[in-house]
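K.L.:
just a sequence and a predicted model for now, questions to come.
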Amino acid sequence: MDLQKPPAEHPEQQPARQSPEGCLVVAIRLPVRIVVLVLVVPVRMVWDALVVAGRFVNNTVFRPVGRALLWVARAVFVWPFVGLWRYVVVPLGRASGWLGNVLVVVPLKWFHRYVLTPLGQALVWVYARVLAPVGHGVMWLLRGIGAVLALLGAGVYAGAAWLVRYLVVVPAMRVYEWVLAPVGRAIAWVARTVATGVGIGLYWVGRVLFVLPALALWRWVLVPVGRFLAVVGREVGQAIGHAWRVAGRISLAVGRALATLFRWIFVEPVRWAYRTVLTPVGHVVRDAVLRPAAEAARSMGRATRLALASARESARQARADFRRMLFGEPDRTEAVDRREPPGRETRTLGSSTTALTKD
C-alpha cells in the first residue's frame, strides 16, 4: 500500500476547465466558420499582395522621391531664408539696435536724469511742505463737523426706530403669529394629503401601464434575443479571427510557392547564365582585351610623358642658346657666404663665459 500522498498539482499547471457549450453554439460555429473562411481568404490574399506592393513602391518610388523633394524644399525654402536671416536680418537688427540706443535710449536717459528727476523731487517737496499740512488741517475740520452731525443723527435715528418698532413691527408680528401661521399650516397639511393620494394613484397607474409590461418585455423577449445575438456575434468574431489567421497561412504558402516558382523560372536561369556564360566571357574579355589595352595605354602614356619632357628640355635649351646669342654670357657674381655666424662654443668644465673669469 502506498502510504505517501501524491504531490498536489500546482493550480497554475492544472488545465483550465472549459465552460460547457450548448448545442446552439456548436450548431452555429461550424457553418459560420466555413462561410467566413470562404469570404476572408480572398480578402487576406489581396491584403497581403497590397502590403507587398506598397512596401516595394515605398522603397523604390516614394522614399527616393521624398528625399529629392526634401532636398528641393531645403534648397528652395530653407537655405534662402537662412541666408536672408544670417546675412540681412541679423546685420539690420544689430544696426537698428545701435541706432535705437543712440537716438532713443540715450536721450531718454538724459531727459529722465536731468529733467524728470529734478521736477519729481520739486513736486515731492511741494507735497510734503505745502499740500500735506493744508490737507491735515482740512481733514481735522471735517472730522469735527462730522462728529457734531453724528450726535444729532443718532438722536433722530433712535426716536424714529422706537416709533417704527411699536407702530409697525410689533403689530405685524402679532398678525403673523396669530393669523397667518395657523392658516398656512392648515393649507400645507391639506395640500400634502391631496398630493400624497394623487401620487400613490399615479404610481400604481404608471406601474400597471408601463413598468410591468416593460419588465415582461425585457425579461421574456429582449434578454433571450440579446443572448442569442451575443452568442452569434462572439462566434462571428472568433470565426473572423480564426479565418484571418488561416487565410494568412494560406496566403503565406501561396506567396512562398509563387516566390519559389519565380526563382526557378527566372532567377535561377539568370544566375546560371551569369555564372556559366557571362562570368567566363567577362574573364576572357578582361584577360585578352582589357588588360592588354590598359597596359598599352599606360605604355603610351609613359612614352608621351617622356616625349613631352624631352620636348620641354629641348625648348628650354633653345631659349637659353638664343638668349646667349643675343645678349652674350651673363656676368658671374662672386658667391657670398650667407651662412649665419657660428655660435659660441659649448661651455665645458675647463672654460667659463663670465666677465670675471674670461681669458
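P.N.:
All right, it came through fine. Residues are numbered from 1 along each chain as shown.

K.L.:
going forward, measure contacts and count neighbours with C-alpha atoms only.
P.N.:
OK.

K.L.:
now do the least confident helix or strand in the chain by mean pLDDT: distance to the chain's middle.
P.N.:
Lowest on mean pLDDT, DSSP states H and E among the helices and strands of the chain sits helix 23-57, with a mean of 77. On the basis of Cα atoms, centre = their mean, to the nearest Å, helix 23-57 sits 37 Å off its chain's mean C-alpha point.

K.L.:
how close does the spatially most central residue of the chain get to residue 220?
P.N.:
Closest to where the C-alpha atoms of the chain average out (Cα atoms, centre = their mean) is residue 70, at 19.2 Å. Applying Cα to Cα, to the nearest Å, the value for residue 70 to residue 220 is 66 Å.

K.L.:
and residue 44, how many neighbours does it have?
P.N.:
20 (other Cα atoms under 10 Å).

K.L.:
which non-adjacent residue is nearest it?
P.N.:
residue 247 (5.9 Å; Cα to Cα, 6 or more residues apart in numbering).

K.L.:
state the pLDDT value of the one you found.
P.N.:
With respect to pLDDT, residue 247 scores 80.

K.L.:
so how far is residue 101 from residue 109?
P.N.:
Distance from residue 109 to residue 101, by Cα to Cα: 10 Å.

K.L.:
and residue 122, by the same measure?
P.N.:
For residue 122, the distance to residue 101 - Cα to Cα - is 29 Å.

K.L.:
same check, this time on residue 319
P.N.:
When residue 319 is compared with residue 101 (using Cα to Cα), they lie 69 Å apart.

K.L.:
next one: residue 320
P.N.:
For residue 320 relative to residue 101 (Cα to Cα), the value is 70 Å.

K.L.:
same deal with residue 160?
P.N.:
For residue 160, the distance to residue 101 - Cα to Cα - is 72 Å.

K.L.:
between those two, tell me which one has more neighbours.
P.N.:
Neighbour tally, residue 160 and residue 101, criterion other Cα under 10 Å: the higher count belongs to residue 101, 13 against 10.

K.L.:
quick one: residues contacting the more buried one.
P.N.:
Counting by Cα atoms under 8 Å, 6 or more residues apart in numbering, residue 101 makes contact with nothing.

K.L.:
and residue 282, how many neighbours?
P.N.:
Residues within reach of residue 282, counting by other Cα under 10 Å, total 13.

K.L.:
then residue 147?
P.N.:
11.

K.L.:
what are the buried residues along whichever helix or strand it is part of?
P.N.:
Using DSSP states H and E, the element containing residue 147 is helix 132-164. Buried residues in helix 132-164, counting neighbours by 16 or more other Cα atoms under 10 Å, are absent.

K.L.:
now it: how far from the chain's centre is it?
P.N.:
For helix 132-164, the distance to the chain centre is 70 Å (Cα atoms, centre = their mean).

K.L.:
and whichever helix or strand comes after that helix, how far out from the chain middle?
P.N.:
Going down the chain from helix 132-164, the next helix or strand is helix 170-175, by DSSP H and E. Centroid separation for helix 170-175 versus its chain: 75 Å, with Cα atoms, centre = their mean.

K.L.:
kindly export helix 170-175 (C-alpha atoms) in CSV.
P.N.:
Extracted C-alpha coordinates of helix 170-175, given in CSV (Å, rounded to 0.1, in the frame of the first residue of the first chain):
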residue,chain,number,x,y,z
VAL,A,170,-44.9,94.6,16.8
PRO,A,171,-48.4,94.7,15.2
ALA,A,172,-47.1,92.8,12.1
MET,A,173,-45.5,90.1,14.3
ARG,A,174,-48.8,89.6,16.2
VAL,A,175,-50.7,89.2,12.9
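
K.L.:
what comes into contact with it?
P.N.:
Outside helix 170-175, no residue touches it (Cα under 8 Å, 6+ apart).

K.L.:
list the buried residues of the helix or strand following that helix.
P.N.:
Per DSSP H and E, the first helix or strand lying C-terminal to helix 170-175 is helix 181-206. The neighbour-count check on helix 181-206 (16+ other Cα under 10 Å) flags nothing as buried.

K.L.:
now the element after helix 181-206, going C-ward?
P.N.:
helix 212-217.
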